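K.L.:
just coords:
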């Protein structure tokens with residue numbers, strides 16, 4: 001519906017240098033290229049987030065002591081290395097963000113708010129309908145709980 005009381009504040013541009021864009025990816029997908037394009041156009045910092053979902057098991061102490069590193073995770077390493085290389089070629093500052101968590105949506109929400117991003121980009125899921133039914137959709141969960149000051153872009 002068209003609202004005649006549409007204020008000018010809701011139509012103001014949000015194009016400013018120094019913004020932060022976060023892209024959450026589980027693989028090398030088209031959303032990464034789109035995020036690089038947007039970061040280059042907006043002259044923004046691009047935070048590339050990889051969340052490794054883990055099952056929490058409390059009966060034993062952790063086998064390794066220390067922080068998890070994206071360099072030690074082959075899937076995350078492939079994404080981060082590619083994005084750093086492509087970002088350098090385009091003049092985009094790429095900040096790799098690697099997190100372990102039992103709930104990807106909650107981890108994405110927490111890091112988006114903590115890092116103060118302006119835009120969050122997520123690729124549309126390619127999981128089967130049964131998986132969506134059993135586990136839920138990360139995109140749906142993020143969209144329902146994302147703070148209003150962070151713009152959500154679902155790509156794909």
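P.N.:
Okay, I see it. Computed from a predicted model, the values in this text were never measured in an experiment.
K.L.:
Longest helix in this protein, by number of residues?
P.N.:
helix 74-90 (DSSP state H).
K.L.:
is it true that residue 32 touches residue 48?
P.N.:
Yes: the criterion here is C-beta atoms under 8 Å, and residue 32 meets it with residue 48 at 7.4 Å. C-betas here are computed from N, CA, C, even on glycine.
K.L.:
Mutual contacts of these two, please.
P.N.:
Shared contacts of residue 32 and residue 48 (C-beta atoms under 8 Å, 6 or more residues apart in numbering): 23, 25, 79, 83.
K.L.:
Dump these to TSV, plus neighbour count.
P.N.:
Shown next, in TSV, are the shared contacts of residue 32 and residue 48 (neighbours: other C-beta atoms under 10 Å):
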residue	neighbour count
23	30
25	22
79	24
83	24
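K.L.:
Please tabulate those residues in TSV, including the columns pLDDT.
P.N.:
Shown next, in TSV, are the shared contacts of residue 32 and residue 48 (pLDDT from 0 to 100):
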residue	pLDDT
23	97
25	88
79	95
83	97
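K.L.:
Beyond the lowest-mean-pLDDT helix or strand in the chain, next helix or strand please.
P.N.:
None of the helices or strands of the chain scores lower by mean pLDDT, DSSP states H and E than helix 129-135, at a mean of 50. Per DSSP states H and E, helix 129-135 leads on to helix 138-145 as the next helix or strand towards the C-terminus.
K.L.:
Who are the packing partners of that next one?
P.N.:
Judged by 3 or more C-beta pairs under 8 Å, 6 or more residues apart in numbering; DSSP states H and E, helix 138-145 is in contact with helix 104-115, strand 119-123, strand 151-155.
K.L.:
can we see that at 6 Å?
P.N.:
helix 104-115 (3 or more C-beta pairs under 6 Å, 6 or more residues apart in numbering; DSSP states H and E).
K.L.:
Now do the helix it packs on against strand 119-123: the angle between them, please.
P.N.:
Computed by axes from the mean of the first three to the mean of the last three C-alpha atoms, to 10 degrees, the angle separating helix 104-115 from strand 119-123 equals 160 degrees.
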